[in-house]
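**Q** Model the structure of this input:
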Amino acid sequence: MPKLKLIFTAVALLCSVSLGAAELTLEERIAKGYDLAVDRNAGNCFSCHMAEGAEQPGNSGPALIMMQLRYPDRNQLKAQIADPRVRNPNTNMPPYGAHYILTDQELEWMVDFVHSL
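**A** Residues are numbered from 1 along each chain as shown. Presented below is the predicted three-dimensional model:
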């Protein structure tokens, strides 16, 4: 019986790994990033930044427009979101990566969303 249990466990693990490995489309990643951006317990981006379609946006941070022109290198945008204190030690923006406000995966989705603006 233990051998059968081991086989079922291995099959279940393989199924979960293969299902989890399914790649999301860019549109799905952007949508997940948007969900984080509007979540008051996650990104809460629009409390400080204006962006197209944002309801009651703040203005203490720069507008999130033309982001691909401002950050042609996606990794620079990721670094800015992960820890903006590197470029501006006096920033009010939370270090979403450095303080583990967002997981690594959520940070990737957030970058996908912001870079799409």
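
**Q** need the helices for this protein, in chain order.
**A** 2-20, 26-38, 67-70, 74-82, 104-115 (DSSP state H).

**Q** name the helices or strands packed onto the last one?
**A** Using 3 or more C-beta pairs under 8 Å, 6 or more residues apart in numbering; DSSP states H and E as the contact test, the elements touching helix 104-115 are helix 26-38, helix 67-70, helix 74-82. For glycine as for every other residue, the C-beta is placed from the backbone atoms N, C-alpha and C.

**Q** buried ones in that helix?
**A** By neighbour count with 16 or more other C-beta atoms under 10 Å, helix 104-115 contains the buried residues 106-115.

**Q** Output that helix in CSV, but only the C-alpha positions, please.
**A** The C-alpha atoms that make up helix 104-115 are tabulated as CSV, following Å, rounded to 0.1, in the frame of the first residue of the first chain:
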residue,chain,number,x,y,z
ASP,A,104,8.5,38.2,-6.9
GLN,A,105,5.7,37.0,-9.2
GLU,A,106,3.5,39.9,-8.2
LEU,A,107,6.3,42.4,-8.9
GLU,A,108,6.7,40.9,-12.4
TRP,A,109,2.9,41.4,-13.0
MET,A,110,3.1,44.9,-11.7
VAL,A,111,5.9,45.7,-14.0
ASP,A,112,4.0,44.2,-16.9
PHE,A,113,1.0,46.5,-16.1
VAL,A,114,2.9,49.7,-15.5
HIS,A,115,5.1,49.1,-18.5
